[in-house]
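# could you look at this predicted model? Sequence included:
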Amino acid sequence: MRKSDYQNIWVYIEHDGKSAAPVGLELCCELRKLCGKTGDRLYAVILGRLPGEEIEKVRECGVDGIIQVSGTGYEAFNIDAWTNAFTVLSRKYKPSAIFVGGTIDGRDFAPRFAVRLDTGCTSDAMELDYDPETGDIQFIEPAVGGKIMAVITVPVMRPQIGTIRPGTFQYAPTGRKAEIEYIEEKIDFDPAAIRCRRVGFIPDESDPELDIANADCIVCVGNGLKDSEHLERYRRLAGLLGGKIGCTRPLCDRGILPSKLQIGQSGVMVKPKLYLSFGVSGAVNHTAGVDADLFIAVDKNPDAQIFSYCDYGIVGDMDEVCDELIARLSARKE
């Protein structure tokens, strides 16, 4: 296999038939920048039908082309048809790299078609770079429990395949190109060969308080919290700031807050204007999930790792600092 035979970067556009999932658009925006380094063209891959206005959103991300796949087997997501489609497409067009959103569905089928292509599949990279000497994309992510940042490459095989979690990169459209390439592919997959089928669908009853991915202000509580009875003051602080409460993994493990509020590499990626952390040690797995305009940390340990990441640090008892902030904010509202 010669690396030079493989060109261009693909992004899978996940959708529900009505709208494109944000992660595909985020990846298009980030990989538009990476293509400037690699010299590749950027293609969006869409399986099944997607409304025209949603395809226009994809175009706004600066893609060079769109590969539209039609045929039998794409009425609803299934591992078998999706895996087959990407295997067939990859063998025909030989892309250098394929990126898939690290959603439940994306994480399911991406490794499967990677195995069929005898190549590697990385997951949860926080940063992407390019080595011009080797021609390899570098997938940079925390490893060994967050103690180091590992650089992972696929040095021999192609395509390079990676799943990237939603919210890792910014959705920042660069604008559409005047002309792009449209490729229509018909790849039928026998519905009888699909090994699972949808028997029903009930959407989640979404609680707005659990949706913190797009919150402008987050008050994050870490393992320094004594118990659930001490949590109410932090909820009040979040309310006074017009924000929402979040947490680190230990609080989920202790059953104090639900997993949907967990922030970090194994939780939600957040990009608030203001991020206030209380009793958070600062492990890389957590801080890698935070990209705040203003990051303020409170911890009683002056050597806490969190102080290496924040803009302002306060050394003190987290409950006392929280109470003082509540008192001052309440006084300003009177």
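Cool, got the structure. If you're wondering where the values come from, they're calculated on a predicted model, not measured in any experiment. Residues are numbered from 1 along each chain as shown.

# below-threshold pLDDT in the chain: ranges please.
144-147, 204-207, 334 (pLDDT under 70).

# just how off-centre is the strand of greatest length in the chain within its chain?
Criterion DSSP state E: the longest strand present in the chain is strand 136-143. How far strand 136-143 lies from its chain's middle: 15 Å, per CA atoms, centre = their mean, to the nearest Å.

# go on, stretch 259-275?
11 Å.

# cool, stretch 20-29 as well?
Taking mean C-alpha positions (CA atoms, centre = their mean), stretch 20-29 and its chain are 9 Å apart.

# who are the packing partners of the very next helix or strand once past the longest strand of the chain?
The C-terminal neighbour of strand 136-143 among helices and strands, as given by DSSP states H and E, is strand 148-152. If you count contacts as 3 or more CB pairs under 8 Å, 6 or more residues apart in numbering; DSSP states H and E, strand 148-152 packs onto strand 136-143. Using the backbone N, CA and C atoms, a C-beta is placed for each residue, glycine as well.

# what is the strand it packs on packed up against?
Strand 136-143 packs on strand 127-131, strand 148-152, strand 160-164, going by 3+ CB pairs under 8 Å, 6+ apart.

# for that strand, which outside residues touch it?
Residues outside strand 136-143 that contact it (CB atoms under 8 Å, 6 or more residues apart in numbering): 34, 38, 97, 122, 124-131, 148-155, 160, 162, 265, 284-285, 288.

# and those, which are buried?
Among the contacts of strand 136-143, those scoring as buried are 34, 38, 97, 122, 124-126, 128, 130, 152-154, 160, 162, 265, 284-285, 288 (criterion: 16 or more other CB atoms under 10 Å).

# quick check: domain ranges of this protein?
3-193, 208-333 (automatic domain parsing).

# save the helices and strands packed on strand 136-143 as TSV, and put in distance to Ala192 too.
Formatted as TSV, these follow (distance: least, CB to CB, whole Å):
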stretch	distance to Ala192
strand 127-131	39
strand 148-152	38
strand 160-164	28
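
# which residues sit against the helix or strand Lys37 falls within?
Per DSSP H and E, Lys37 falls inside helix 22-38. Taking contacts as CB under 8 Å, 6+ apart, the residues outside helix 22-38 that touch it are 9, 11-15, 41-42, 44, 57-58, 61-64, 96, 99, 101-103, 106, 128-130, 132, 135, 137, 164-174.

# before we move on, what about stretch 225-234?
219, 221, 245, 251, 256-257, 278-279, 318-319, 322-323, 326.

# out of those, flag the one nearest to Ile79.
Using CB to CB, Leu257 comes nearest to Ile79 of the contacts of stretch 225-234, at 32.2 Å.

# could I get the domains of the chain as a markdown table with distance to Ile202?
Converted to a markdown table, those look like this (distance: least, CB to CB, whole Å):
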| stretch | distance to Ile202 |
| --- | --- |
| domain 3-193 | 14 |
| domain 208-333 | 17 |
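
# who wins for proximity to Val199 among those domains?
That would be, of the domains of the chain and by CB to CB, domain 3-193, which comes in at 10.7 Å.

# are any of the contacts of helix 22-38 buried, and which?
9, 11-15, 41-42, 44, 57-58, 61-64, 96, 99, 101-103, 106, 128, 130, 135, 137, 164-169, 171.

# out of the residues you listed, list just those in helices.
Within those, residues falling in helices by DSSP state H are 57-58, 106.

# redo the residues you listed as JSON lines? Include distance to Ile306.
As requested, these are arranged in JSON lines below (distance: CB to CB, whole Å):
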{"residue": "Lys57", "distance to Ile306": "37"}
{"residue": "Val58", "distance to Ile306": "38"}
{"residue": "Gly106", "distance to Ile306": "31"}
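
# which among those gets closest to Gly313?
Taking these together and measuring to Gly313 by CB to CB, the closest member is Gly106, at 36.7 Å.

# now do the same contact list for that closest one.
So Gly106 contacts 12, 14, 23, 100, 163 (CB under 8 Å, 6+ apart).

# contacting residues around the nearest residue to the second one once chain neighbours are set aside?
Taking CB to CB, 6 or more residues apart in numbering, and ignoring the residues beside it in sequence, Glu14 has Ala21 as its nearest neighbour in space, at 4.2 Å. Residues in contact with Ala21 (CB under 8 Å, 6+ apart) are 13-15, 101, 103, 166.
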